[in-house]
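J.: Provided below for reference: sequence and predicted model.
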Amino acid sequence: MDVVGGRPVIRGYVRPDGSVGVRNHIVVIPVDDLSNTAALGIAKLIRGVVAIPHPYGRLQFGKDLDLLFHILSGTGANPNVYGAIVIGIEENWANRVADGIVKTGKPVYAFAIEGNGDLRTIEIAARKAKELVQEASEAQRTEIDLTNIMFSIKCGESDTTSGLASNPATGYVVDKLVDLGNTVMFGETSELTGAEDVVAGRIGDEKLREKFWNIYHEYVGFIEDQGVNLLGSQPTEGNIKGGLTTIEEKGLGNIQKLGTKPITCVVDYLDPVPRGAGLCFVNTSSAAAEAVTLFVAKGSVLHLFTTGQGNVVGHPLIPVVKITANPKTATSMSEHIDVDVSDLLELKVGLAEAGERIFNYALRVMNGRLTSTEVLQHDEFSPIKLYISS
Amino acid sequence: MARVAVHDRRDSVGVAIEDIRTGDEVEAVYIIDKFVIGRIKALGDIVAIEDIRTGDEVEAVYIIDKFVIGRIKALGDIPLGHKIALKDIGAGEKIIKYGRPIGVATRDIKAGEHVHTHNLKSIRWGALERR
């Protein structure tokens, strides 16, 4: 580990707004499902361009539409992105997404398909994308203190080994990152059930605590209003196979990765996460790709993901570091696992040793080492949709 | 000897950290030193309170045996990650893990039995099921 003056140092990309990225992508963002074909066409023509197709963006309205714009603009604004191309069927919405990105001072170009057709749009946009890729290829990594950088955490396909070992070890890393002045986002509103009072108890600010309870109760109320329960989906089949039995057990295991620091930030779907927020609760679904997608839209540049039974989720723009303490999963799904801490479960090493292993691996990834998700092309981009379109 | 890990001294279940077969002698091990530092503060408080009030035998075992709580015979196969009852648990009784209820027993469970979805259900979302 590189340390200058006692502080870990990484080599990252400083963006025009001062934010720090650990990757240097050119992204092509389709505003809507109809624009996926053109976006993918550009990515096929130009090496080094990442397209992020998704099934939404037409006839959404209200909060649901706001959330889509928040996610699309936020993804383009993420510090791991050097520059962005936005493609929409209509000009206005494409410009609206681009406007949300241009605030960061990075290059952004928006194109509309209507009146041009796919082929002309692809050609014009691909020419711009080519320029951007060449520009980006000259951006240099520079030495930066590991502080004021945004990260996120989530677990998936959890089992009891998550709560016993991989989550506590990740919690050790979270404490370290927060102590250094970084921001760490967590969410999974539904999967806090059984431990929601523990989370609330760690929120020092009374107003923020109230906001947390409102978000949590709104969610539980939503479930009850459906006249259904989540017993068929929570815990999941994979969770149960791994020994988890109830949402309470899952929730108590889940929060083991939150470390010990006070929670100093509580945000709803549409709120931005300010830099320097510290340990920050973000209202998210507990579905892996949806949660990671929202964290990235809020600025996370690296995600620590713990798994028991073997969740394979990744993201097109940020490295997702996969951690397991389940020795069977570490062997049977080895190509997906970046950090194996099963020796912690087997009581052969202590928490600090396992935590340092994750931390040091994360530093290497920040400095450029590719994660399994990046190499295996796990490019899940899954905006959350709140309700049916008009 | 096969081992199960226990989060908290109040827990009524332990988690197999290796595959366990019926009839295996199982050692229950506290993992406090290996375990989330987020709980150390809370555990400290709890230990202090219980020390003062009772200084009970389990605690003495915990200190003397360096984290070994006791031994139990497995009454069924317990796959890695699954739970074993550390004591007899009556139907309707809360099942404790992480020092907190994770659900209730849906029937009597003997010490050494596999504890899973067939004999344990959620308190929170089990209630919703009845609507």
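T.: It's in. Numbering: from 1, shown residues only, chains lettered A, B, ... in the order given.
J.: helix or strand: which one has the residue of the stretch 51-200 of chain A found nearest chain B?
T.: Nearest residue of the stretch 51-200 of chain A to chain B: A:P168, at 3.5 Å (C-beta to the nearest C-beta). Any C-beta I mention is one placed from the backbone N, CA and C, and that applies to glycine too. For A:P168, the host element (DSSP states H and E) is helix A:167-179.
J.: which outside residues touch that helix?
T.: Helix A:167-179 is contacted by residues A:146, A:151, A:153, A:155, A:158, A:184, A:253-261, A:278-279, A:304, A:306, A:323, A:325, A:341, A:344, A:351-352, A:354-359, A:362, B:34-38 when judged by C-beta atoms under 8 Å, 6 or more residues apart in numbering or on different chains.
J.: helix or strand with the lowest mean pLDDT in chain B?
T.: Ranked by mean pLDDT, DSSP states H and E, the weakest helix or strand in chain B is helix B:57-64, scoring a mean of 28.
J.: quick check: beta-bridge partners of residue 14?
T.: In the absence of a named chain, this looks at chain A. In this entry, A:V14 is beta-bridged to A:V20, by DSSP bridges.
J.: my question was about chain B
T.: Beta-bridge partners of B:G14, as defined by DSSP bridges: B:I84.
J.: would you confirm that it contacts B:H82?
T.: No. Counting by C-beta atoms under 8 Å, B:G14 does not reach B:H82; the two are 10.0 Å apart.
J.: show me where chain B has helices.
T.: Under the criterion DSSP state H, chain B contains helices at B:40-53, B:57-64, B:124-129.
J.: tell me the mean pLDDT over the helix or strand hosting A:D66?
T.: Element membership of A:D66 [criterion: DSSP H and E] is helix A:62-77. Looking at helix A:62-77 alone, the average pLDDT works out to 97.
J.: from the contact counts, what lies against the following helix or strand past that helix?
T.: Using DSSP H and E, the helix or strand that follows helix A:62-77 in sequence is strand A:81-88. Packing partners of strand A:81-88 (3 or more C-beta pairs under 8 Å, 6 or more residues apart in numbering or on different chains; DSSP states H and E): strand A:25-30, helix A:36-45, helix A:62-77, helix A:91-102, strand A:108-112, helix A:117-136.
J.: buried ones in the fourth one, by neighbour count?
T.: Think helix A:91-102. Using 16 or more other C-beta atoms under 10 Å in any protein chain shown as the test for burial, helix A:91-102 gives A:93-98, A:100-102.
J.: name the helices or strands packed onto that helix?
T.: Packing partners of helix A:91-102 (3+ C-beta pairs under 8 Å, 6+ apart): helix A:62-77, strand A:81-88, strand A:108-112.
J.: who's in contact with it?
T.: Against helix A:91-102 from outside (C-beta under 8 Å, 6+ apart): A:29, A:31-32, A:57, A:69-70, A:72-74, A:76-77, A:84, A:86-88, A:108-112, A:114.
J.: picking up where we left off before, average pLDDT for the helix holding A:P168?
T.: According to the model, helix A:167-179 has a mean pLDDT of 96.
J.: try stretch A:39-51
T.: 98.
J.: cool, and stretch A:235-252?
T.: Stretch A:235-252 shows a mean pLDDT of 89.
J.: how far off centre is it?
T.: 23 Å (C-alpha atoms, centre = their mean, to the nearest Å).
J.: next one: stretch A:364-380
T.: The answer for stretch A:364-380 is 13 Å, by C-alpha atoms, centre = their mean.
J.: likewise for stretch A:17-36?
T.: On C-alpha atoms, centre = their mean, the centre of stretch A:17-36 falls 13 Å from the chain's centre.
J.: more neighbours: B:G14 and B:H82, which one.
T.: The residue with more neighbours, out of B:G14 and B:H82, is B:G14; 28 against 25, by other C-beta atoms under 10 Å in any protein chain shown.
J.: which ones are touching that one?
T.: Applying C-beta under 8 Å, 6+ apart to B:G14 gives the contacts B:4-6, B:26, B:28, B:83-84, B:86.
J.: distance of it from A:V184?
T.: Distance of B:G14 to A:V184, computed by C-beta to C-beta, to the nearest Å: 31 Å.
J.: one step back: who does the helix or strand just after the helix holding A:P168 touch, helix- and strand-wise?
T.: Next along the chain after helix A:167-179, taking DSSP H and E as the criterion, comes strand A:183-186. Judged by 3+ C-beta pairs under 8 Å, 6+ apart, the packing partners of strand A:183-186 are strand A:150-156, helix A:167-179, strand A:279-282.
J.: in the shortest one, what counts as buried?
T.: When you say that, I think you mean strand A:279-282. Those would be A:279-282, for strand A:279-282 by 16+ other C-beta under 10 Å.
J.: give me the most central residue, chain A.
T.: A:V292 (3.0 Å; C-alpha atoms, centre = their mean).
J.: model confidence for residue 81, exactly?
T.: I'll assume chain A. pLDDT at A:V81 comes out at 98.
J.: um, chain B though
T.: 90.
J.: export only the CA atoms of the helix or strand hosting the residue nearest to the centre of chain A, formatted as PDB.
T.: Secondary structure assignment for A:V292, by DSSP H and E: helix A:288-297. Provided in PDB are the C-alpha atoms of helix A:288-297 (Å, rounded to 0.1, in the frame of the first residue of the first chain):
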ATOM      1  CA  ALA A 288     -28.500  -6.200  -6.500                       C
ATOM      2  CA  ALA A 289     -28.400  -4.500  -9.900                       C
ATOM      3  CA  GLU A 290     -31.000  -1.900  -9.100                       C
ATOM      4  CA  ALA A 291     -29.200  -0.900  -5.900                       C
ATOM      5  CA  VAL A 292     -25.700  -0.800  -7.500                       C
ATOM      6  CA  THR A 293     -27.200   1.200 -10.400                       C
ATOM      7  CA  LEU A 294     -28.600   3.800  -8.000                       C
ATOM      8  CA  PHE A 295     -25.400   4.000  -6.000                       C
ATOM      9  CA  VAL A 296     -23.400   4.700  -9.200                       C
ATOM     10  CA  ALA A 297     -25.900   7.400 -10.200                       C
END
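J.: quick one: strands adjacent to the next helix or strand along the chain from that helix?
T.: Once the chain leaves helix A:288-297, the next helix or strand it forms, by DSSP H and E, is strand A:302-307. The strands beside strand A:302-307 in its sheet (DSSP bridges) come out as strand A:150-156 (parallel), strand A:320-324 (parallel).
J.: ok, B:V15 - contacts?
T.: Taking C-beta under 8 Å, 6+ apart as the contact definition, B:V15 lies against A:160, A:164, A:243, B:4-7, B:81-84, B:97.
J.: pull the contacting residues for A:A289.
T.: A:313, A:315, A:380-382.
J.: which one of the residues you listed has the most neighbours?
T.: Neighbour counts for the contacts of A:A289 peak at A:H315, which has 29 neighbours (criterion: other C-beta under 10 Å).
J.: for it, helix, strand, or coil?
T.: coil (DSSP: H, G, I helix; E, B strand; the rest coil).
J.: where does it land on pLDDT?
T.: Confidence at A:H315, expressed as pLDDT, is 98.
J.: show me what contacts it?
T.: A:289, A:292-293, A:296, A:303, A:373, A:378-381.
J.: now tabulate these in JSON lines and tack on distance to A:G204 and pLDDT.
T.: Formatted as JSON lines, the contacts of A:H315 follow (distance: C-beta to C-beta, whole Å; pLDDT from 0 to 100):
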{"residue": "A:A289", "distance to A:G204": "32", "pLDDT": "98"}
{"residue": "A:V292", "distance to A:G204": "27", "pLDDT": "98"}
{"residue": "A:T293", "distance to A:G204": "29", "pLDDT": "98"}
{"residue": "A:V296", "distance to A:G204": "27", "pLDDT": "98"}
{"residue": "A:H303", "distance to A:G204": "26", "pLDDT": "98"}
{"residue": "A:T373", "distance to A:G204": "34", "pLDDT": "98"}
{"residue": "A:H378", "distance to A:G204": "37", "pLDDT": "98"}
{"residue": "A:D379", "distance to A:G204": "38", "pLDDT": "97"}
{"residue": "A:E380", "distance to A:G204": "34", "pLDDT": "98"}
{"residue": "A:F381", "distance to A:G204": "35", "pLDDT": "98"}
